[in-house]
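1. Sequence and predicted structure below; questions after.
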Amino acid sequence: MTSVNDRRLLPLLHGSNRTAMTCLYRCGNACAHPAPNESDNPYFGDLVQAEVSRRGLLKAAAIGAMVVGAAGAGVLGTPEPAAAKPATAPGLSFKPVPPNRLDAVIVPNGYDHSVLVQWGDPILPGAPRFDVDRQTAEAQRKQFGYNNDFLVVVPLDRRGDRGLLVVNHEYTNEELMFRGYVDGATATVEQTNVALAAHGLSVVEVERVRGSGEWRLVRKGSRRYNRRTTAETPMEFTGPAAGSPLLRTAADPHGRRVLGSLNNCSGGITPWGTVLSGEENFNQYFVGGDGAPATVKPALARYGINTSARYPDGSRHWDKADERFDLAKNPNEANRFGWIMEIDPYDPDSTPQKHTALGRFKHEGAALTVAKDGRVAAYMGDDERFDYMYKFVSDRKLRKGSSATDRRHNRSLLELGTLYVAQLGFTSADEIDGSGAIPDDGAFNGTGRWIPLTRGTRSMIEGMSIDEVLVHTRIAADKAGATKMDRPEDIEVHPNNGRVYVALTNNSRRGAAGQPAVDEANPRTGNKHGQILELIEDGDDAAAETFTWSLPIVCGDPEDPSTYFAGYDKSKVSPISCPDNLDFDAHGNLWISTDGNALTDSGGENYNDGLFAVSLEGSERGHVKQFLSVPPGAEQASAYVLDDNKSVVVSVQHPGEIDGATVDQPASNWPNGSFARPAVVVAWRPDGRDLGV
């Protein structure tokens with residue numbers, strides 16, 4: 001089969017390394033348009049103060065995300081909260097994988113890996129074997145979806161040998177799915193329906209192989225937990241905006257039921273054993289924005305929806321299969337996406353819920369932790385240039401029991417609470433010149449506060465009702481004066497000390513003419529490589545309304561003087577670009593998945609994305625090491641380190657997503673030696689030892 005794998009990548013688009021195919025399908029050409037945020041927010045000047053010492057500030061209180069253990073084989077939907085991951089000595093002894101462009105998944109010497117599941121694999125009864133030439137929507141609804149992103153393994157037994165792999169399916173690359181595909185305008189209705197069915201989530205039973213770190217799909221037995229949700233699966237709204245006129249349509253006059261979930265990116269795990277999924281770039285699925293009522297156009301535009309053309313460039317034309325995607329006919333349909341969705345993997349018959357109390361924006365995911373008083377906090381990023389970081393704190397407290405009553409109570413915690421947006425202050429604002437030079441106090445750091453947008457059923461934004469704040473959260477945050485960030489994507493909470501880590505992926509327009517200037521949290525102009533922000537809540541309490549922050553890692557080539565790795569010797573650090581999703585291992589090491597590696601080799605070719613790990617404590621703090629790399633065109637979309645630290649499962653998303661690639665002329669032949677297929681990979685050590693030590 002002819003391959004374009006070795007051809008040079010096209011020139012960088014819009015100041016990034018992404019190809020035109022990526023820009024189209026990943027985010028609807030967001031970089032080709034002005035940033036939706038046109039607000040002129042002031043900085044938080046009254047919080048600017050001298051740097052304070054961090055030493056002794058934190059206690060080793062394990063208030064992070066609780067790890068859930070199943071209540072035992074055969075008991076449905078009653079997981080039992082377990083203790084937090086132990087705070088043992090950190091260790092990352094593997095030899096780093098060098099930057100490369102190989103059409104393979106590469107792991108360090110002494111490690112092994114295998115494909116756990118890939119696009120089209122049958123997972124429900126009656127599903128046919130995958131056949132790219134005979135793919136139908138009916139088949140796809142029973143098969144593993146496309147472009148797997150966030151993933152997690154929740155336990156099915158106490159020994160940790162059986163579990164449920166829960167995976168998001170973010171978007172579809174039709175050129176890489178159908179032979180002869182040209183564009184949305186010429187796509188068949190059946191192809192569109194296949195794409196609808198390839199979105200959503202998959203829940204699949206998995207089992208450990210002979211007590212090792214390897215995992216495989218359960219092929220025998222009932223597999224009663226296996227499940228698919230798609231862009232057509234019925235779901236329900238909860239919280240203060242449920243039933244709002246802003247959510248009502250002709251098909252749903254009560255504004256409480258919605259079909260499907262779109263562009264599911266990252267997610268999170270709850271202390272009660274359910275999984276959260278964030279709806280991100282939903283704007284790209286809608287047409288007819290030019291025909292929407294004039295009164296709704298400003299809100300549509302703030303969410304990146306084109307209001308000047310019926311069919312924007314690259315439109316998917318999904319209205320040909322379902323007119324709800326035509327905003328001229330259904331202007332409120334777009335308001336029904338952009339939420340955090342919760343699904344119970346232990347109950348395949350349960351109805352997923354979209355929680356309006358957590359606000360509507362381009363959610364990357366949601367990281368949950370427990371505050372000192374027992375309330376639950378959720379940290380969330382809005383993945384757009386110059387958008388914001390958010391936090392939700394529940395009104396009610398977590399119950400630690402595992403009874404059906406306790407779990408039912410806990411399932412309601414995300415329905416009511418306080419929604420905040422972050423505003424940052426800086427210690428060295430006058431020293432930031434866009435070069436990435438470290439300020440005289442030795443750190444990019446400052447203080448900040450969480451500004452309330454809602455409290456319970458009350459709006460805290462003048463002139464906006466509670467449902468307006470929750471449905472048009474970006475507009476409310478603009479009014480509140482939130483700090484514009486460089487694409488806040490995944491946020492995770494350290495399991496041992498409660499510190500919060502934010503992946504700020506990149507922002508090529510930072511500091512450009514007419515764009516927001518650099519600041520201490522976003523210190524580089526034309527920021528191609530991104531940074532990691534560390535946030536410490538005052539009093540180490542997730543319910544606090546003030547915090548301190550710093551940038552322990554400013555990504556890029558370690559030889560670039562604008563990079564920073566917590567003061568570690570940069571000659572020993574792996575090059576890293578565009579941090580996206582985050583996870584922690586049992587030792588408290590941070591694992592970083594990248595999306596859109598902007599680093600190039602001597603010939604100007606972009607290196608492949610990968611998975612990196614870094615210690616956050618002691619003498620090894622800042623020592624970033626690359627653990628894994630993925631094929632060309634692929635995003636290392638997400639990683640989850642299992643609780644025993646013997647395995648890591650990773651999402652290899654859109655391999656071969658390079659301009660000009662098709663099913664017949666693939667830019668990657670991974671994983672089967674023919675055309676490319678997104679897949680989940682598991683990596684482990686054959687000797688059964690810990691991944692890092």
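-> Perfect, I can see it now. Numbers count the residues shown, from 1 in each chain.
2. in the stretch 101-250 of the chain, which ranges drop under the pLDDT threshold?
-> Flagging of the stretch 101-250 of the chain using pLDDT under 70 yields an empty set of residue ranges.
3. where along it do the strands fall?
-> Here the stretch 101-250 of the chain has its strands, by DSSP state E, counting those that start in this stretch, at 112-118, 148-155, 162-169, 200-208, 215-217, 227-229, 234-238.
4. Which of these sits closest to Leu470?
-> Of all the strands of the stretch 101-250 of the chain, the one in closest proximity to Leu470, counting by C-beta to C-beta, is strand 234-238 (10.2 Å). Using the backbone N, CA and C atoms, a C-beta is placed for each residue, glycine as well.
5. Tell me the helix or strand right after the closest one.
-> If you walk from strand 234-238 toward the C-terminus, the next helix or strand you reach (DSSP states H and E) is strand 257-259.
6. I'd guessed Leu642 sits against Ala683; true?
-> No: distance between Leu642 and Ala683: 10.8 Å, which falls outside the contact criterion (C-beta atoms under 8 Å).
7. Residues that sit against both of those two, list them.
-> Shared between the contact lists of Leu642 and Ala683 (criterion: C-beta atoms under 8 Å, 6 or more residues apart in numbering) are residues Val648.
8. So for Asp382, which of the strands of the stretch 101-250 of the chain sits nearest?
-> Each of those was checked against Asp382 via C-beta to C-beta, and the shortest separation belongs to strand 148-155, namely 16.1 Å.
9. Could you measure from Lys391 over to Ala367?
-> As for Lys391, its distance to Ala367 is 10 Å (criterion: C-beta to C-beta, to the nearest Å).
10. Show me the common contact partners of these two, please.
-> Both Lys391 and Ala367 are in contact with 378-380, where contact means C-beta under 8 Å, 6+ apart.
11. I'd like to know which of those residues are part of strands.
-> Secondary structure defined by DSSP state E assigns 378-380 of the shared contacts of Lys391 and Ala367 to strands.
12. how about stretch 150-168 as CSV, C-alpha atoms only?
-> Below are the C-alpha coordinates for stretch 150-168, written out as CSV (Å, rounded to 0.1, in the frame of the first residue of the first chain):
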residue,chain,number,x,y,z
PHE,A,150,-9.4,10.5,28.2
LEU,A,151,-9.3,7.0,29.7
VAL,A,152,-9.3,5.4,33.1
VAL,A,153,-9.6,1.9,34.6
VAL,A,154,-12.0,1.5,37.5
PRO,A,155,-11.8,-1.7,39.5
LEU,A,156,-14.2,-4.7,39.3
ASP,A,157,-12.5,-6.7,42.1
ARG,A,158,-10.5,-6.2,45.2
ARG,A,159,-7.3,-7.8,43.8
GLY,A,160,-7.1,-5.4,41.0
ASP,A,161,-7.1,-8.0,38.3
ARG,A,162,-10.3,-7.0,36.6
GLY,A,163,-11.6,-3.6,35.7
LEU,A,164,-13.6,-1.4,33.4
LEU,A,165,-11.8,0.7,30.8
VAL,A,166,-13.7,3.9,30.3
VAL,A,167,-12.7,5.9,27.3
ASN,A,168,-13.8,9.2,25.6
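13. which of the residues in it are buried?
-> With burial defined by 16 or more other C-beta atoms under 10 Å, the residues of stretch 150-168 counted as buried are 150-157, 160-168.
14. Equivalent analysis for stretch 240-255, please.
-> Of the residues in stretch 240-255, those buried under the neighbour-count criterion (16+ other C-beta under 10 Å) are 240-242, 244, 246-249, 252, 255.
15. now swap in stretch 107-122 and tell me
-> Neighbour-count burial for stretch 107-122 flags 107-108, 111, 113, 115-122 (criterion: 16+ other C-beta under 10 Å).
16. So which of the residues you listed is the closest to Thr447?
-> Thr447 has its nearest neighbour among the buried residues of stretch 107-122 in Pro108, at 39.4 Å by C-beta to C-beta.
17. Can you name the residues that contact that closest one?
-> By C-beta under 8 Å, 6+ apart, the neighbours of Pro108 are 94-97, 627.
18. go with 6 Å
-> Taking C-beta atoms under 6 Å, 6 or more residues apart in numbering as the contact definition, Pro108 lies against 94-95, 97.
19. And for Thr594?
-> Residues touching Thr594, when contacts are defined by C-beta under 6 Å, 6+ apart, comprise 578, 580, 609-610, 636.
20. Closest to Trp272 out of the residues you listed?
-> Lowest distance from Trp272 to the contacts of Thr594 (C-beta to C-beta) belongs to Asp580, with 26.8 Å.
21. Ramachandran coordinates for the closest one?
-> For Asp580, the backbone dihedrals are phi -130, psi -80 (criterion: degrees, to the nearest 10).
22. Run a quick neighbour tally on it.
-> Burial of Asp580 is recorded as 26 neighbouring residues (other C-beta atoms under 10 Å).
23. do the same with Ile461
-> Each residue near Ile461 was counted by other C-beta under 10 Å, and the total is 21.
24. Just give me the neighbour total for Ser619.
-> For Ser619, the neighbour count with other C-beta under 10 Å is 8.
25. circling back: so which of the ones in strands among the shared contacts of Lys391 and Ala367 is the closest to Asp344?
-> The closest of these to Asp344 turns out to be Ala378 (C-beta to C-beta; 17.1 Å).
26. what does the longest strand seen in the chain contact?
-> Of all segments of type strand in the chain, defined using DSSP E, the longest is strand 445-455. By C-beta under 6 Å, 6+ apart, the residues outside strand 445-455 that reach it are 47, 51, 391, 418-427, 460-461, 469, 476, 480, 520, 545-550.
27. so where do the strands sit in the stretch 401-550 of the chain?
-> Per DSSP E, counting those that start in this stretch, the stretch 401-550 of the chain carries strands over the ranges 417-424, 445-455, 458-459, 485-486, 488-493, 500-504, 531-537, 546-554.
28. Can you list the strands that the last one pairs with?
-> Just to be clear, that refers to strand 546-554. Listed by DSSP bridges, the sheet partners of strand 546-554 and their directions read strand 445-455 (antiparallel), strand 531-537 (antiparallel), strand 564-565 (antiparallel).
29. tell me which residues in that strand are buried?
-> By neighbour count, with 16+ other C-beta under 10 Å as the criterion, the buried positions of strand 546-554 are 547-554.
30. Can you list the buried residues in stretch 648-667?
-> 648-659, 661-663, 665-667.
31. rewinding a little: for the contacts of strand 445-455, which PyMOL command selects only the ones that are buried?
-> Applying 16+ other C-beta under 10 Å to the contacts of strand 445-455, the buried members can be selected in PyMOL as follows:
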select buried, resi 47+51+391+418+419+420+421+422+423+424+425+426+427+460+461+469+476+480+520+545+547+548+549+550
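32. By neighbour count, which of the contacts of Pro108 wins?
-> Ranking the contacts of Pro108 using other C-beta under 10 Å puts Val97 first, with 23 neighbours.
33. what pLDDT does that one get?
-> Predicted confidence (pLDDT) for Val97: 98.
34. on that earlier part again, of the strands paired with strand 546-554, give the one that comes closest to Gly314.
-> By C-beta to C-beta (comparing all of the strands paired with strand 546-554), the closest turns out to be strand 531-537, at 29.9 Å.
35. neighbouring contacts of that closest one?
-> 499-502, 504, 544, 547-555, 579.
36. Then stretch 577-587?
-> Taking C-beta under 6 Å, 6+ apart as the criterion, the residues outside stretch 577-587 that touch it are 85, 88, 90, 266, 489-490, 492, 495, 501, 503, 505-506, 529-530, 532, 555, 591-599, 638-641, 645.
37. Pull the distance from it to the chain's centre.
-> Here stretch 577-587 shows a centroid-to-chain-centroid distance of 11 Å under the convention C-alpha atoms, centre = their mean, to the nearest Å.
38. can you give me the end-to-end distance of that stretch?
-> Start and end residues of stretch 577-587 are separated by 24 Å (C-alpha to C-alpha, to the nearest Å).
39. That's all I had, so thanks and see you.
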